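Trainee: give me a 3D structure for the following:
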Amino acid sequence: MESLPMYEKILRASQSIQKVCPTKPRVGLVLGSGLGAFGERMKEATSIDYDDIPFFCQTTVEGHKGRLILGHIGDVPTAVLQGRIHAYEGHDMETVVFPVRTLGALGVETLILTNASGGINRSFSPGDLVLINDHINLTGRNPLVGPNMDQLGPRFPDMTRAYHPGLKELFYETAKENRITLKNGIYCSVLGPTYETPAEVHMMAAMGADLVGMSTVAESIAANHLGLKVAGLSCITNMAAGISTENIKHEDVKAQALKVMKPFTDLLEKTIRKC
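Mentor: Residues are numbered from 1 along each chain as shown. You can find the predicted model right below:
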């Protein structure tokens, strides 16, 4: 079974999920570190552990539950990945983006990627919500390297509008309606698991990055390859090294994410209801 072609593995995973919950999701959501509580807002929810889905890997990172939740946000059928797989856990990029590709096989048309990030832009503060305008990939890796899976998308996908303009407008509209402050910026992805050095952060700032993290970009690339509409929402949980003199700890990242859970979940829920 393990020797199956990757596309066949994606189909097997999606078929296994459909046996448990046949509802076709329209929106997919990936929840980052400390942000998993959004899954509790789902109605008519069915939960499946990653261990029970063929070819899924269980996440090893604290704050990532490692389960797929299928249900509804309002009237919108939604699939939520409560926890993600990271390359720094020792996985190749095909494994990292396998859950996103499975969501595409389930019928998802819109994908919202969330994460906890370090602030580079000095106008940011811990607790800020930031909509991703664009990204910089400093991981040195790309999930599309290797033979192209023509069933998924083209050999050379365009990334000019990696984050869908219409979805961004929807987020801004929802934030304004609900008096939620929503900033925007360019997200820089690094491999991790070490936090960045001050010199690296200063380099990223010179490149135009506003925030930094260890996820999201590979998933965005894979989703754009599939032709999905993509949005990215970050929670600034700390200021990056050199911007702040404080030591950075994963425990503090999770704690800060919990502090902004209400505006974060309100913004997500009310935006998804419009999708």
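Trainee: how many neighbours does Gln15 have?
Mentor: Neighbours of Gln15 under the rule other Cβ atoms under 10 Å: 12. The way it works is simple: take the backbone N, C-alpha and C, and place the C-beta from them, glycine included.
Trainee: any idea how far Ser220 is from Pro157?
Mentor: To Pro157, Ser220 is 11 Å away according to Cβ to Cβ, to the nearest Å.
Trainee: who's more crowded, those two?
Mentor: Taking other Cβ under 10 Å, Ser220 and Pro157 do not tie; Ser220 has more neighbours (28 against 17).
Trainee: is the more buried one in contact with Tyr163, as I believe?
Mentor: Yes. Here Ser220 reaches Tyr163: they are 7.4 Å apart, a contact under Cβ atoms under 8 Å.
Trainee: any residues in contact with both of these two?
Mentor: Residues touching both Ser220 and Tyr163 (Cβ atoms under 8 Å, 6 or more residues apart in numbering): His135, Val230, Gly232.
Trainee: quick one, what contacts the first one?
Mentor: In this structure, His135 makes contact with Ala162, Tyr163, Ile186, Tyr187, Cys188, Ser189, Thr216, Val217, Ser220, Gly232, judged by Cβ under 8 Å, 6+ apart.
Trainee: ok, now with 7 Å
Mentor: By Cβ atoms under 7 Å, 6 or more residues apart in numbering, the residues touching His135 are Ala162, Ile186, Tyr187, Cys188, Ser189, Val217, Ser220.
Trainee: show me the beta-bridge partners of it.
Mentor: Judged by DSSP bridges, the bridge partners of His135 are Tyr187.
Trainee: mind checking how far it is from Ala162?
Mentor: Counting by Cβ to Cβ, the gap from His135 to Ala162 is 6 Å.
Trainee: ok, Leu138 next?
Mentor: 15 Å.
Trainee: before we move on, what SS does the residue sitting nearest the centre point of the chain have?
Mentor: Closest to where the C-alpha atoms of the chain average out (Cα atoms, centre = their mean) is Leu113, at 2.8 Å. With DSSP: H, G, I helix; E, B strand; the rest coil as the basis, the three-state label of Leu113 is strand.
Trainee: correct me if wrong: it contacts Gly232.
Mentor: Yes. Between Leu113 and Gly232 a contact is recorded at 4.7 Å, counting by Cβ atoms under 7 Å.
Trainee: overlap in contacts, the two.
Mentor: Thr216, Ser220.
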